[in-house]
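A.B. asks: got a predicted structure plus its sequence, pasted below:
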Amino acid sequence: HMGFHCIACNRDKGIIHGMKDAKAGNIISIACCQNCGLVQLKEVPNELDLFEFYKSKYRVQYRKQEKPSPKHVYRAGAQAISRLKKIAHLIGKNAKLLDNLGVSFIECGWPGASPKEEEFFKNAIKSSIDKSVTPGFKILRAFMLKTQKNANKNHGVWSQPNGDEFYKLRIRTFTTTDYSPEEIHQMGLNEVERISNRMKEILTSLGYDEKKSVGELMNELNEDPDFLYADTPDRKQIVVNDYTEMVNEAIEVMTDYFHTMPKAGVVVKAVPEYSEQTAAGGYYQAPALDGSRPGVFYANLYDIKQTPTYSMRTLAYHEATPGHHHQIAHSLENEELTMYRRFGYRTSAFSEGWALYSEQLALEVGLAENPYDELGILQSELFRANRLVVDTGMHYKKWTREKAMEYMKSVTGMSDTEVKVEIERYIVWPGQALSYKVGMIKILELREKAKNMLGDKFNIKDFHSAVLDHGNPPLFIVEEMVDKMIKDSLN
């Protein structure tokens, strides 16, 4: 899927859609200019031939960037491309890696394949790597090296043509709300102050130096061996067992706060070794629709310091119950929803907002009575609140990358490396990081509204049903459903 500048009408209105012909192995593409109506159909062997064909035969070219990406994007991009080229080369040359990749594809999309078909599939994978993937990386890297001298000296999307309007659109897209950049920035500052004050209160009560900032104290806590597992051969299994106990306890307690609990179970697994060095700290895999496979909460146990004991509960509640597993499995099992509403539409403002709300819900119902566990939950929330400040800071208030990194480090106590990774993610993905905390705030706002209007008639189970029974909707639909619940309860 590429955009192009149509020379026929001299407008940036062209779109190329490429579709893979599974049987023939070729690319079938449709080029269409949305302005002058130029339409062309072409079948080519691979993606590279597709681009070269349209560039030469149908007078199309890549859209010109009026302001290319910031310098750090070029630096990081060149490094990433070099790594990917190397990985692709290794897969193409290494029989074992190629076999594993072929088996994975066959298991997912071609069960029951014969030995001849398997061999065909592996050869097709190798051919795609040699003829398309590796050459594609070379072209992309050459393009970046050629345009690097024109790198944008600014870091925020405000510096692009119509950047302010684009950022407002990104906010509406990712948060599904009408909050302005200024409102979200102030919301973030207020939340950072509130959460930091509570954390300081707990840390002071535990005897920590009240003269130090929350960021400094949490950084010290992260390094404290009292909160780290011993580096023994069975460490991973010990941590998985502890996580499992937390999840099972949460499932038992949460039955009092929901009308129904998911039928699908959830298990805890360590992130596989082949991906643990680059994977997130934790993530969730949904259960099979037919019930043949449970949901999985994957915990990254590569680095001992990634798993301080006080941060484990918040991750378990976020990824499993009452967080992602509860919400996603509940939707998959809801026969009142169409397949599209179960799978087709997703918004991180809802799913991540719910998971972050779940962390606070777990705290409220007594699943984190140890003050250190509460610190873990608050640290997670502070991290998401910080995102509201730095994302709007860079893309709306014209902060530099360095100013955003300095703010994040001082507030959270994260390491320089962690802060750099986060800030550079926000630079190239404007608005996405806002969705987590904005989603949580909206859900809490709606819960408070329901409590105030219903008084003694408020039922937390009814509220959770109003939020969860409609798939993964935008937040303005959630608000409509909560309003309906309030109206029905009053009547």
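C.D. replies: That came through fine. Since the structure is predicted, the reported quantities are computational estimates derived from the model, not experimental observations.
A.B. asks: after the strand or helix carrying E183, next one along is what?
C.D. replies: Secondary structure assigned from DSSP states H and E places E183 in helix 181-205. Using DSSP H and E, the helix or strand that follows helix 181-205 towards the C-terminus is helix 214-223.
A.B. asks: now do the same contact list for the residue nearest to the spatial centre of the chain.
C.D. replies: Centroid-nearest residue in the chain, with Cα atoms, centre = their mean: S348, separated by 7.4 Å. Contacts for S348 (Cβ atoms under 8 Å, 6 or more residues apart in numbering) come out as F174, Q432, S435, Y436, G439. Heads up, the C-betas are built off the backbone N, CA and C, glycines and all.
A.B. asks: what does the helix holding E183 contact?
C.D. replies: 167-168, 171, 175, 179, 210, 214, 217-218, 371, 374-375, 378-379, 381-382, 385-389, 392-393, 395-397, 411, 434, 437-438, 441.
A.B. asks: could you tell me how many residues sit around E249?
C.D. replies: Neighbour count of E249, defined by other Cβ atoms under 10 Å: 15.
A.B. asks: that one is in contact with L367, isn't it?
C.D. replies: Yes - using Cβ atoms under 8 Å, E249 is in contact with L367, at 6.9 Å.
A.B. asks: helix, strand or coil for S331?
C.D. replies: helix (DSSP: H, G, I helix; E, B strand; the rest coil).
A.B. asks: wait, I meant F258
C.D. replies: Relying on three-state DSSP, one would call F258 coil.
A.B. asks: looking at the chain, which helix or strand is least sure?
C.D. replies: None of the helices or strands of the chain scores lower by mean pLDDT, DSSP states H and E than strand 2-6, at a mean of 47.
A.B. asks: flag the shaky bits of the stretch 201-350 of the chain, pLDDT-wise.
C.D. replies: Across the stretch 201-350 of the chain, nothing is flagged by pLDDT under 70.
A.B. asks: again, only this time at 80
C.D. replies: Applying pLDDT under 80 to the stretch 201-350 of the chain picks out residues 274-275, 277-279, 304-306, 344.
A.B. asks: what ranges do the strands span in it?
C.D. replies: 266-270, 282-285, 295-299 (DSSP state E, counting those that start in this stretch).
A.B. asks: deepest in the core, which of these is it.
C.D. replies: Among these, ranked by average contacts under mean count of other Cβ atoms under 10 Å, first place goes to strand 295-299 (a mean of 23).
A.B. asks: run the chain-centre distance for that strand.
C.D. replies: For strand 295-299, the separation from the chain centroid amounts to 15 Å (computed by Cα atoms, centre = their mean, to the nearest Å).
A.B. asks: what helices and strands are in contact with it?
C.D. replies: helix 235-254, strand 266-270, strand 282-285, helix 312-319, helix 324-332 (3 or more Cβ pairs under 8 Å, 6 or more residues apart in numbering; DSSP states H and E).
A.B. asks: could you rerun that using 7 Å?
C.D. replies: Helices and strands touching strand 295-299, as assessed by 3 or more Cβ pairs under 7 Å, 6 or more residues apart in numbering; DSSP states H and E, comprise helix 235-254, strand 266-270, strand 282-285, helix 324-332.
A.B. asks: and these: which comes nearest Y407?
C.D. replies: Closest approach to Y407 among those (Cβ to Cβ): strand 282-285, 25.4 Å.
A.B. asks: can you tell me what sits against the closest one?
C.D. replies: Contacts to strand 282-285, defined as Cβ atoms under 7 Å, 6 or more residues apart in numbering, come from residues G295, V296, F297, Y298, A299, N300, L315, E319, H324, H325.
A.B. asks: any idea how far the last one is from V268?
C.D. replies: Using Cβ to Cβ, to the nearest Å, we find H325 at a distance of 11 Å from V268.
A.B. asks: what do you get for the fifth one?
C.D. replies: As for A299, its distance to V268 is 6 Å (criterion: Cβ to Cβ).
A.B. asks: what residues do these two have in common as contacts?
C.D. replies: Common neighbours of A299 and V268 (Cβ under 7 Å, 6+ apart) are V240, Y243.
A.B. asks: circling back: which of the contacts of S348 fall in helices?
C.D. replies: F174, S435, Y436, G439 (DSSP state H).
A.B. asks: out of those residues, which is most surrounded?
C.D. replies: Going by other Cβ under 10 Å, G439 tops the ones in helices among the contacts of S348 with 28 neighbours.
A.B. asks: so that one touches A349, yeah?
C.D. replies: Yes - G439 is within contact range of A349, at 4.1 Å (criterion: Cβ atoms under 7 Å).
A.B. asks: residues shared between the contacts of these two?
C.D. replies: L475.
A.B. asks: report pLDDT for L101.
C.D. replies: L101 carries a pLDDT value of 53.
A.B. asks: what's the answer for the one 4 residues further on, then?
C.D. replies: The model reports F105 with a pLDDT of 52.
A.B. asks: quickly find the element holding the spatially closest residue to L363 that is not a sequence neighbour.
C.D. replies: Leaving aside its chain neighbours, L363 sits nearest to I377 (5.2 Å; criterion: Cβ to Cβ, 6 or more residues apart in numbering). In this assignment (DSSP H and E), I377 forms part of helix 371-395.
A.B. asks: please spell out which residues along that helix are buried.
C.D. replies: Of all the residues in helix 371-395, those buried under the rule 16 or more other Cβ atoms under 10 Å are 372-395.
A.B. asks: pLDDT on it, on average?
C.D. replies: Helix 371-395 comes out at a mean pLDDT of 97.
A.B. asks: what ranges does the stretch 51-200 of the chain have for its helices?
C.D. replies: 71-93, 95-109, 115-128, 134-147, 163-175, 181-205 (DSSP state H, counting those that start in this stretch).
A.B. asks: could those go into CSV alongside distance to E333?
C.D. replies: CSV is the format used below for the helices of the stretch 51-200 of the chain (distance: least, Cβ to Cβ, whole Å):
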stretch, distance to E333
helix 71-93, 38
helix 95-109, 23
helix 115-128, 34
helix 134-147, 41
helix 163-175, 27
helix 181-205, 34
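A.B. asks: for P473, find the nearest of these.
C.D. replies: helix 163-175 (13.2 Å).
A.B. asks: how about the closest one, which residues are buried there?
C.D. replies: So helix 163-175, judged by 16+ other Cβ under 10 Å, has buried residues G163, F166, Y167, K168, R170, I171, F174, T175.
A.B. asks: closest one of those to N491?
C.D. replies: Using Cβ to Cβ, the buried residues of helix 163-175 come closest to N491 at T175, 31.5 Å.
A.B. asks: ok, and the closest non-adjacent residue to the closest one?
C.D. replies: Using Cβ to Cβ, 6+ apart, the closest residue to T175 is V438 (4.4 Å).
A.B. asks: now do the buried residues in whichever strand or helix holds T417.
C.D. replies: Assigned by DSSP H and E, T417 belongs to helix 416-428. For helix 416-428, the neighbour count (16+ other Cβ under 10 Å) marks V419, K420, E422, I423, E424, Y426, I427 as buried.
A.B. asks: just checking, what packs against it?
C.D. replies: Going by 3+ Cβ pairs under 7 Å, 6+ apart, helix 416-428 lies up against helix 71-93, helix 371-395, helix 401-412.
A.B. asks: of all the ones you listed, which one comes closest to V482?
C.D. replies: So among the helices and strands packed on helix 416-428, helix 371-395 is nearest, using Cβ to Cβ, at 21.7 Å.
A.B. asks: related to what we said a few turns ago, now render the helices and strands packed on helix 416-428 as CSV, adding distance to V482.
C.D. replies: Shown next, in CSV, are those (distance: least, Cβ to Cβ, whole Å):
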stretch, distance to V482
helix 71-93, 40
helix 371-395, 22
helix 401-412, 32
